[in-house]
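>>> sequence and predicted structure below; questions after.
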Amino acid sequence: KNILLEAITIAYGVAHGTPGAINMSKVVSCAGRADIPVFIGRKEPLGGGGSPFLDEWRTVSDDLPQVDLPSTFRQVESEPAVDFLRKRLRDASRGEVCVLATGAMTNLAQVLQNCGVPALEALDEIVIMGGAFNVPGNVESCMDFISPTNKSEWNFWVDPLAARQVLTSGARILVVPLDATNMVPLDDEFISTFPPPTQSTPLGRVVGQVVRCAAGAGVRFAWDPLAAVAILERNVVETRNHPVSVEINCEDAGTTRRAEEGPIVSVAYKADALIF
């Protein structure tokens, strides 16, 4: 499957909008793709309960310590991410656009709510990293944060209303939840396969540094990478198709469950670590 990466939009997530966008623009420069534009999305969630990512995590994501990024990069676009997405879907042919969503669903929810059927027709698929179905969530108490739930996953917890709106939009969706990502650990053996910086390409060096930095900070599973791989190699996950509900405005905000009615969504319950 051939993928043309057209643009990156920064959603409401771990990194703040501007530093996150600058970091991503530097990363694509490392890949020799400074032509890829980066857009900044909404700074606040749509709502539904939940709470932001922890300040300590956001500082690390903004600053990326121990990651060597270039000093020159393409300037971040001034056009808001939602405006770009709206125009891109408006001008697209049927089934032309695939979206990989690895943060909060804030940008996508705004676009789908505003554009309706034309946006749904332009989308081939939305692949989402988020949620937890038959496994515990990862919104756990740590530092000064006391979690009210052990059922939610962070990407949905920070903007539960946006997650609900996207998953019930009727778009063709693949959700890659913790059920699947728990099967692709970033253990020491996996991390050791990354070559040393002196033997890597510029992008490979950055990826290796990010993986080692994330592992040191307690990130032990390939959350977002598994969702990305699933776009190219669907056999990496085992899916079931059913409606999905997302809790809002309650203690378990962001919690995902199999629903009895609603649009059908593909949910990855297992992953093959060897294929990954």
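Nice, I can see it.

>>> what are the boundaries of the strands in the stretch 51-200 of the chain?
Listed in chain order, the strands of the stretch 51-200 of the chain (DSSP state E, counting those that start in this stretch) span 97-101, 123-129, 173-176.

>>> now render the ones you listed as a markdown table, adding mean pLDDT.
Below are these laid out as a markdown table (pLDDT from 0 to 100):
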| stretch | mean pLDDT |
| --- | --- |
| strand 97-101 | 97 |
| strand 123-129 | 96 |
| strand 173-176 | 98 |
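
>>> among these, which is the most enclosed?
Greatest average neighbour count among those goes to strand 173-176 (a mean of 26), per mean count of other CB atoms under 10 Å. For the C-beta atoms, the positions are set from N, CA and C on the backbone; glycine is no exception.

>>> right, and Ile8 touches Val38 too?
Yes. Taking contacts as CB atoms under 8 Å, Ile8 lies within contact range of Val38: 4.7 Å.

>>> touching both of those two, which residues are there?
Common neighbours of Ile8 and Val38 (criterion: CB atoms under 8 Å, 6 or more residues apart in numbering): Ala21, Met24, Val28.

>>> phi, psi of the closest residue to Pro263 other than its chain neighbours?
Excluding the flanking residues, the one nearest Pro263 by CB to CB, 6 or more residues apart in numbering is Gly170, at 4.5 Å. Reported as degrees, to the nearest 10, the phi and psi values for Gly170 are phi 90, psi 0.

>>> burial of Gly170, as a residue count?
Gly170 is flanked by 14 other residues according to other CB atoms under 10 Å.

>>> please report the distance of the residue most central in space within the chain from Ile146.
Centroid-nearest residue in the chain, with CA atoms, centre = their mean: Thr102, separated by 0.3 Å. Per CB to CB, to the nearest Å, Thr102 is found 26 Å from Ile146.

>>> ditto for Gln199
Gln199 is 44 Å from Ile146, by CB to CB.

>>> wait, Glu44 sits on Ala11?
No. Contact criterion CB under 8 Å: Glu44 and Ala11 do not qualify, at 11.5 Å.

>>> which one of these two has more residues nearby?
Ala11 (26 against 9).

>>> ok, and the closest non-adjacent residue to that one?
Gly103 (3.9 Å).

>>> so for the lowest-mean-pLDDT helix or strand in the chain, what gets flagged as buried?
The helix or strand of the chain with the poorest confidence is helix 188-191; it has a mean of 80 (mean pLDDT, DSSP states H and E). Within helix 188-191, the residues that count as buried by 16 or more other CB atoms under 10 Å are Phe190.

>>> kindly report the same for stretch 63-71.
For stretch 63-71, by 16+ other CB under 10 Å, it's Leu64, Val67, Leu69.
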